[in-house]
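Peer 1: Coordinates only, no sequence provided:
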């Protein structure tokens with residue numbers, strides 16, 4: 001079973017601007033050319049701004065060394081006391 005460890009942090013407010021970041025290390029999920037375990041990392045960061053108390057605007061970026069990919073993402077939503085709608089888009093670079 002692969003061994004991995006991670007940590008995440010968020011700073012800011014749920015009602016205005018929030019910044020987030022996370023990091024994970026996989027100690028033995030990836031193999032090198034000789035078949036030996038190789039350490040790989042996944043990390044990302046993003047931000048969310050709540051505009052007019054009802055429209056969350058989000059953007060972020062992630063690097064995944066295990067899958068050898070990089071992603072950017074953006075999203076927008078609409079939130080009331082009874083309804084939440086969310087649209088998001090993610091693209092590899």
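Peer 2: Noted; the coordinates are in hand. The structure presented is a predicted model; accordingly, all values stated were derived computationally and were not measured.
Peer 1: got the contact list for the closest residue to residue 32 other than its chain neighbours?
Peer 2: Spatially, and ignoring its direct neighbours in sequence, residue 32 is nearest to residue 38 (4.6 Å; CB to CB, 6 or more residues apart in numbering). In this view, the C-beta of every residue, glycine as well, is placed from N, C-alpha and C. By CB atoms under 8 Å, 6 or more residues apart in numbering, the residues touching residue 38 are 30-32.
Peer 1: Spell out which helix or strand contains residue 38, please.
Peer 2: If you go by DSSP states H and E, residue 38 is part of strand 37-51.
Peer 1: avg pLDDT for that strand?
Peer 2: Strand 37-51 comes out with an average pLDDT of 94.
Peer 1: same thing with stretch 11-25?
Peer 2: 96.
Peer 1: List the buried residues of that stretch.
Peer 2: 18, 20, 22, 24-25 (16 or more other CB atoms under 10 Å).
Peer 1: wait, which of those is closest to residue 73?
Peer 2: Using CB to CB, residue 20 comes nearest to residue 73 of the buried residues of stretch 11-25, at 12.0 Å.
Peer 1: Now the residue nearest to residue 78 when sequence neighbours are not counted, what are its backbone angles?
Peer 2: Among residues not flanking residue 78 along the chain, residue 85 sits closest, at 4.8 Å (CB to CB, 6+ apart). Residue 85 adopts backbone torsions of phi -120, psi 140, taken as degrees, to the nearest 10.
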